[in-house]
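**Student:** I would like to see how this sequence folds:
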Amino acid sequence: MPDMNNPKTHHEASGLSLISPARTLVEAAIDLDFRFALPIFDSALAKGITKEEIAADCVQWRIDYARVFRLLRYANERSENGGESLARGTIIEDRFLTPRIQVTVTDPQTNTEHRVDFVWKLDDGRVIVAEYDGTQKYVDPAMTDNRSIQEVVAKERARDEGLKRAGATEIVHFTYADVIERTPLRVKLIKAGVPQVETSA
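**Tutor:** Predicted coordinates:
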């Protein structure tokens, strides 16, 4: 159990002892599967909690913290939302090469900049792009600018054409359901040619 007298582990609020953010992350790493814990770590880093703080909490307790340090290795504050973090965690769990995230590319024909969710640049010159498409993208007026589904799909197609002009050789679109079910995402990545590593990272 945590030391209630350790100021680095607990904070005081209205006379109550609260577990520190770093300790909360450590417990999440222990309790949750990697892919579900990664969004919590990404979010924490984006809010200013450092990997050093989390690692420092680990050394205080005599528990195997391999799960924590694996999350610290892959956590990235640049992830835009929990869905993307969950997708990245699933990609890593399924032994695919870890992608770069939030990469900006420029369409040489229009000079339009596009920021893509996941990118793999392979040794053979291929560039694989993957986009996480939430269902709100098609139905939430705040995200569609009140355009019809047909207009949204047409805009997506035009964006894909721009990404190909910018160097993408394969473009993969997947949804939250694909991530949760795992197999649809795995099939799409394999079909696109995303490499898998020998053992789980």
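**Student:** export the helix of greatest length in the chain as CSV, just CAs?
**Tutor:** In the chain, with assignment by DSSP state H, the single longest helix is helix 149-165. Extracted in CSV, the C-alpha atoms of helix 149-165 (Å, rounded to 0.1, in the frame of the first residue of the first chain):
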residue,chain,number,x,y,z
ILE,A,149,-22.5,12.5,-45.6
GLN,A,150,-21.9,12.5,-49.4
GLU,A,151,-20.1,15.8,-49.1
VAL,A,152,-18.0,14.6,-46.2
VAL,A,153,-17.1,11.4,-48.1
ALA,A,154,-16.2,13.5,-51.2
LYS,A,155,-14.0,15.7,-49.1
GLU,A,156,-12.3,12.7,-47.6
ARG,A,157,-11.6,11.3,-51.1
ALA,A,158,-10.1,14.6,-52.1
ARG,A,159,-7.9,14.6,-49.0
ASP,A,160,-6.8,11.1,-49.8
GLU,A,161,-5.8,12.1,-53.3
GLY,A,162,-3.8,15.0,-51.8
LEU,A,163,-2.0,12.6,-49.4
LYS,A,164,-1.1,10.3,-52.3
ARG,A,165,0.4,13.3,-54.2
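**Student:** check what contacts stretch 85-101 and list those residues.
**Tutor:** 33-39, 42-43, 74, 76, 78-79, 84, 117-121, 130, 132, 174, 176, 179, 182, 185-186, 189, 194-201 (CB atoms under 8 Å, 6 or more residues apart in numbering). All C-beta spots, glycine's among them, are computed from the backbone N, C-alpha and C.
**Student:** quick check: mean pLDDT of it?
**Tutor:** In this model, stretch 85-101 has a mean pLDDT of 98.
**Student:** so A29 sits in a strand?
**Tutor:** No: counting by DSSP: H, G, I helix; E, B strand; the rest coil, one finds A29 to be helix, located in no strand.
**Student:** wait, it touches A66, no?
**Tutor:** No: the pair A29 / A66 is not scored as a contact, 9.4 Å apart, by CB atoms under 8 Å.
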